[in-house]
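Peer 1: Sequence first, then the predicted structure, then my questions.
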Amino acid sequence: MDMLWSGWGDPAEARPLPDTVTGLLRDLLGVKPRETGPVAIEDLTVPKSPLAPAARRALIAALGGEAHVRTDAGTRIRHTRGKSTPDLLRIREGDLAAVPAAVLLPGGHDEVLAVLRVCAEHGLPLVPFGGGTSVVGGLAPEPRGTFVALDLRRMDGLLALDPVSRTATLGPGLRAPRAEELLAGHGFTLGHFPQSYEWATIGGFAATRSSGQASAGYGRFDEMVLSLTLATPEGTLDTGRAPRSAAGPDLRQLVLGSEGAFGVITSVTVRVRPVPRARVHEGWHFPTFEQGTTALRRLAQDGPRPTVLRLSDETETLIGLADPDAIGSGTSRAAGCTAIAGYEGTQEDTEYRRERAGAVLRACGGTPLGEEPGRRWAHGRYSAPYLRDALLDAGAFAETLETAAFWSRLPGLYASVREALTATLTGAGTPPLVMCHISHVYENGASLYFTVVCARGEDPVAHWRRAKHAANEAILAAGGTISHHHGVGTDHRDWYVREAGPLGVDALRAVKRRLDPAGLLNPGVLLPADRPAPLNAD
């Protein structure tokens, strides 16, 4: 099943905001209901595919038939842009400036190589497409022109399993729930559960250095990857042949996070672990975000580290965003911050780590809230994107951004980004509600994930562009990274260039020129295009 073309996920899971929430939006933020809804997909005017006949014939031959080269309007619309709020606002208004000329469906590595050869021969830019969940402009190449989308959904198998080494080789188009289902049949789990879990794919996780909600226990996705295969216009790159190696620089790191700019990931070998016998999540209350942050740092540095560890600031706790299903329920909430700690493993190990971690949390000023907040969080952990769509439907603007820094820099980063968002949006006449949580912790630092809700205003995309620019500047000035797990795309590209530095960017450009000499792969994503992306020259 395809994702909703004008929003997130399964349309059957979407639901409108409760009246209490729409009233709060009106009274607190001045949100006015929208007079009209999104344009119906049937009413969108999609230009005829500009794919040249010679290129079309060559692609059909490479993919073994017309069924795998789709140029119908519906398929092309569903492969237009990603799922950021600006993406959705544009497509809801009928903006199809980034619609692909065709959607290609390869069945394996050799077919991907064949497609890349055709694209090189015809000067045809190509955008790899997994689950379509990018929120940083990763699916809208720049500059615009004729391009094709390479949808990897047919490459969705469990290709190999080594239970002795506890490794699994997975197809790039395999969606996360199906991957878990296949692995569970052999008694294993990947343990990677980001908010995009229900729709994102294995290849997308690798291409963006994804981080799941259980990262404190299982690690980030890039830490799970042992080897991968990349198809490029210049041939195949195989990386990784042992769990660790001193044989030169690790070429996996060139592919992880490359966002389709260097090649197309066609298989990923990952570390897997036995399915845990016990899972428990619980809530904790802290008087302040500062105290809660100290508690998370203590656990991250000295242990025992829970599998899930996250902390909502005072505003997010008050609104109840840590529990999306309870927003508008009228449940009273005490001042302060809510933390969620989760434990997985054997029954004995889970109980042991929970008891020891609880002692640390108490020593840092935490008060246990029991398992009910943890159960509510686990039940609603994938609900936030649906909530975002409901806010858009109600006339509000809602968007997120994230970053990370060392522990010593985290308080300054938190204050700077909040101030930048609040000042910019208030100055644009749309006073915002700015919320934040920590959801990924490390021995040396942690992530910050901000959510912004405000009135939509006359030009919400332009308003957000200014606010995001100010927030990005604040992130770099405060010593944070421009992205912790959403990736670079086009939205973060200019700041990534500054973060990497001139010599680092030149080194990456050299890699791209060697693997993609014509600059056809996801042009303008990750790095500015060396030259204008070639159009279909036929």
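Peer 2: Okay, I see it.
Peer 1: what separates stretch 151-169 from the chain centre, distance-wise?
Peer 2: 21 Å (Cα atoms, centre = their mean, to the nearest Å).
Peer 1: Return the alpha-carbon coordinates of it using PDB.
Peer 2: What follows is stretch 151-169, C-alpha atoms only, in PDB (Å, rounded to 0.1, in the frame of the first residue of the first chain):
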ATOM      1  CA  ASP A 151      11.500   3.100  -6.400                       C
ATOM      2  CA  LEU A 152      13.200   0.100  -4.600                       C
ATOM      3  CA  ARG A 153      10.000  -1.600  -3.300                       C
ATOM      4  CA  ARG A 154      10.600  -4.700  -5.300                       C
ATOM      5  CA  MET A 155      14.000  -5.200  -3.600                       C
ATOM      6  CA  ASP A 156      12.400  -6.100  -0.300                       C
ATOM      7  CA  GLY A 157      13.700  -9.500   0.700                       C
ATOM      8  CA  LEU A 158      15.600 -11.100   3.600                       C
ATOM      9  CA  LEU A 159      18.500 -12.100   1.400                       C
ATOM     10  CA  ALA A 160      20.600 -14.000   4.000                       C
ATOM     11  CA  LEU A 161      20.700 -14.800   7.700                       C
ATOM     12  CA  ASP A 162      23.700 -16.000   9.700                       C
ATOM     13  CA  PRO A 163      22.400 -17.000  13.100                       C
ATOM     14  CA  VAL A 164      25.900 -17.900  14.300                       C
ATOM     15  CA  SER A 165      27.300 -14.500  13.600                       C
ATOM     16  CA  ARG A 166      23.900 -12.900  14.200                       C
ATOM     17  CA  THR A 167      23.800 -11.000  10.900                       C
ATOM     18  CA  ALA A 168      21.100 -10.500   8.300                       C
ATOM     19  CA  THR A 169      21.400  -9.200   4.700                       C
END
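Peer 1: That stretch - what's its average pLDDT?
Peer 2: Averaged across stretch 151-169, pLDDT comes to 98.
Peer 1: how about that stretch: buried residues?
Peer 2: In terms of neighbour count (16 or more other Cβ atoms under 10 Å), stretch 151-169 has its buried residues at 151, 152, 153, 155, 156, 157, 158, 161, 167, 168, 169. Just so you know, the C-beta spots here come from the backbone N, C-alpha and C atoms, and that holds for glycine as well.
Peer 1: Same question for stretch 500-519.
Peer 2: For stretch 500-519, by 16+ other Cβ under 10 Å, it's 500, 505, 508, 512, 515, 516, 518, 519.
Peer 1: Strands of the stretch 351-500 of the chain, start to end?
Peer 2: 367-370, 396-406, 433-438, 445-455 (DSSP state E, counting those that start in this stretch).
Peer 1: And those: which comes nearest residue 303?
Peer 2: Comparison of the strands of the stretch 351-500 of the chain against residue 303 by Cβ to Cβ identifies strand 445-455 as nearest, at 15.3 Å.
Peer 1: Restricted to helices, list the buried residues of stretch 500-519.
Peer 2: Counted as lying in helices by DSSP state H, out of these, are 500, 505, 508, 512, 515.
Peer 1: which residues in the stretch 151-300 of the chain form strands?
Peer 2: With DSSP E, counting those that start in this stretch, the ranges of strands along the stretch 151-300 of the chain come out as 158-162, 167-170, 188-189, 225-232, 235-239, 264-271, 273-274, 278-286.
Peer 1: hmm, back to that, which one of the buried residues of stretch 151-169 is nearest residue 105?
Peer 2: residue 151 (5.4 Å).
Peer 1: isn't that closest one right up against residue 76?
Peer 2: No - between residue 151 and residue 76 there is no contact under Cβ atoms under 8 Å: 11.0 Å.
Peer 1: Quick check: neighbours shared by the two?
Peer 2: Taking Cβ atoms under 8 Å, 6 or more residues apart in numbering as the contact rule, residue 151 and residue 76 both touch residue 103.
Peer 1: which residue packs closest to residue 306, ignoring adjacent ones?
Peer 2: Closest residue to residue 306 apart from its sequence neighbours, by Cβ to Cβ, 6 or more residues apart in numbering: residue 341 at 4.4 Å.
Peer 1: can you check residue 174 too?
Peer 2: Residue 174's closest residue in space is residue 156 (Cβ to Cβ, 6+ apart), at 4.4 Å.
Peer 1: okay if I get the ones in helices among the buried residues of stretch 500-519 as JSON lines plus distance to residue 97 and pLDDT?
Peer 2: Below are those laid out as JSON lines (distance: Cβ to Cβ, whole Å; pLDDT from 0 to 100):
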{"residue": "500", "distance to residue 97": "28", "pLDDT": "97"}
{"residue": "505", "distance to residue 97": "27", "pLDDT": "97"}
{"residue": "508", "distance to residue 97": "27", "pLDDT": "97"}
{"residue": "512", "distance to residue 97": "24", "pLDDT": "98"}
{"residue": "515", "distance to residue 97": "28", "pLDDT": "98"}
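Peer 1: mean confidence for stretch 41-59?
Peer 2: 94.
Peer 1: how about that stretch: buried residues?
Peer 2: Those would be 41, 44, 46, 49, 51, 52, 55, 56, 58, 59, for stretch 41-59 by 16+ other Cβ under 10 Å.
Peer 1: Among the residues you listed, which are located in helices?
Peer 2: Going by DSSP H, the helices hold 55, 56, 58, 59 from the buried residues of stretch 41-59.
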